[in-house]
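A.B. asks: Structure for the following, please:
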Amino acid sequence: MLLVSTLTTATLTADSATLSAVVEPSTGAILLQPRRAAANGWLWDEAAWASYNDSSYLATGWARLEVHTNPDADDATAALAAGMLEGSLTSERIYQAAVNSGFGPAYKLPKNISDFVDANAEFIAMMSATAKRSTQADRAYWHQVSLVYAQLQGIHAGYTQAAQAPMSKLPPLSLNTILAMNMGDELGNFAGYSPGEGVERALPKFGDLQPFLDAGKCSALIKLLPDGSDIFIAQETWSSFESQLRVYKMYDFPYTLTGQPGSARVPAQRVSFPSYPAAIASGDDFYTLSTGDRLAALAPPSAPTPSPC
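C.D. replies: Predicted structure coming up:
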């Protein structure tokens with residue numbers, strides 16, 4: 001499948017931008033274009049659509065992004081399209097976040113980290129392929145992992161497309177930069193790792209990652225109204241000032257569990273969470289899922305355990 005094709009401009013409203021990702025029938029290329037209204041909610045060739053509001057950042061401290069994938073689209077195509085939409089719509093903030101976090105265009109990952117990222121990508125591809133002949137649980141797990149990676153590849157492709165637009169002043173960023181921006185907390189663990197005696201397989205000791213060792217986050221405050229009619233949520237992030245380019249995201253991804261014909265849908269098709277440009281996870285570990293009360297049936301209720309900050 002081709003990743004990108006034409007360069008387009010988002011549909012602009014007073015305070016938001018909306019794009020649609022459609023699949024070109026003859027080539028399979030994913031095209032980004034202004035979204036047109038559809039009578040049944042989806043255009044016949046539409047794999048995903050997204051809306052981004054950046055002006056709310058100055059008012060509330062949060063930009064807002066929502067991305068929807070078509071349940072009739074192939075999972076891999078939908079994931080790639082979702083990433084491309086996010087990468088294109090949030091391209092300016094992605095560049096700013098990369099510079100703020102030390103991953104600007106002039107930065108190169110240390111070779112051992114870059115080698116690790118490459119090897120990890122190859123491992124994901126291998127396991128996703130071999131799991132198709134394995135158990136149902138393995139197929140579901142590696143199918144979802146492959147969709148995460150496809151979405152990250154899409155973010156890089158969407159950013160690259162925006163950077164190559166005629167009037168753009170954005171410099172190129174590598175795929176490994178996008179991946180590293182999603183591995184920040186984990187890279188800090190590698191940076192401090194030093195194999196001791198008796199370790200049969202010594203992992204490389206990563207360097208040049210001091211900002212990740214110094215980072216820390218903690219949130220949130222939750223209050224249920226006395227009559228149970230509503231719940232109020234406030235979030236506090238304890239981190240460095242340069243990390244405060246925040247995006248509140250909502251992903252509506254009705255993927256199948258395994259990607260195979262007849263597969264059931266994933267339980268949590270919609271998730272909302274506080275995040276950062278280019279990142280597809282929270283980092284603050286705070287999510288609202290569409291599963292709602294269905295998760296309560298999986299385990300008996302218990303008293304909440306305070307999370308150490």
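
A.B. asks: burial of the closest residue to residue 174 other than its chain neighbours, as a residue count?
C.D. replies: If the residues on either side of it in the chain are set aside, residue 174 comes closest to residue 156, at 7.8 Å by Cβ to Cβ, 6 or more residues apart in numbering. All C-beta spots, glycine's among them, are computed from the backbone N, C-alpha and C. Neighbour count of residue 156, defined by other Cβ atoms under 10 Å: 23.

A.B. asks: looking at it, residue 156 is touching residue 180, isn't it?
C.D. replies: No - using Cβ atoms under 8 Å, residue 156 is not in contact with residue 180, being 11.4 Å away.

A.B. asks: mind listing the strands for this structure?
C.D. replies: With DSSP state E as the criterion, the chain has strands at 11-12, 17-23, 30-34, 46-53, 63-69, 221-224, 231-234, 247-252, 270-275, 288-289.

A.B. asks: deepest of those, which one?
C.D. replies: strand 46-53 (a mean of 25; mean count of other Cβ atoms under 10 Å).

A.B. asks: Restricting to C-alpha, output that one in PDB.
C.D. replies: Output of strand 46-53 as PDB, limited to C-alpha atoms (Å, rounded to 0.1, in the frame of the first residue of the first chain):
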ATOM      1  CA  GLU A  46     -13.200   7.000   3.400                       C
ATOM      2  CA  ALA A  47     -10.900   5.100   5.800                       C
ATOM      3  CA  ALA A  48     -10.800   7.700   8.500                       C
ATOM      4  CA  TRP A  49     -11.400  11.400   9.300                       C
ATOM      5  CA  ALA A  50     -10.100  13.700  12.000                       C
ATOM      6  CA  SER A  51     -10.800  17.100  13.500                       C
ATOM      7  CA  TYR A  52      -8.200  19.300  15.200                       C
ATOM      8  CA  ASN A  53      -8.700  22.400  17.300                       C
END
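
A.B. asks: starting at the chain centroid, how far to it?
C.D. replies: Relative to the mean C-alpha coordinate of its chain, strand 46-53 is positioned 14 Å out (Cα atoms, centre = their mean, to the nearest Å).

A.B. asks: Quickly note the distance from residue 65 to residue 30.
C.D. replies: Look at residue 65 and residue 30: by Cβ to Cβ, to the nearest Å, they are 18 Å apart.

A.B. asks: now do residue 257
C.D. replies: From residue 257 over to residue 30 (counting by Cβ to Cβ), the distance is 23 Å.

A.B. asks: elements contacting the lengthiest helix in the chain?
C.D. replies: When the chain is parsed with DSSP state H, its longest helix is helix 136-163. Under the contact definition 3 or more Cβ pairs under 8 Å, 6 or more residues apart in numbering; DSSP states H and E, helix 136-163 sits against helix 75-89, helix 91-100, helix 111-130, helix 175-182.

A.B. asks: Contacts for the second one next, please.
C.D. replies: Right, the one you point to is helix 91-100. Residues outside helix 91-100 that contact it (Cβ atoms under 8 Å, 6 or more residues apart in numbering): 54, 63, 87, 104-105, 155, 158-159, 162-163, 168, 170-171, 173, 177-178, 181, 242-243, 245, 247, 276-278.
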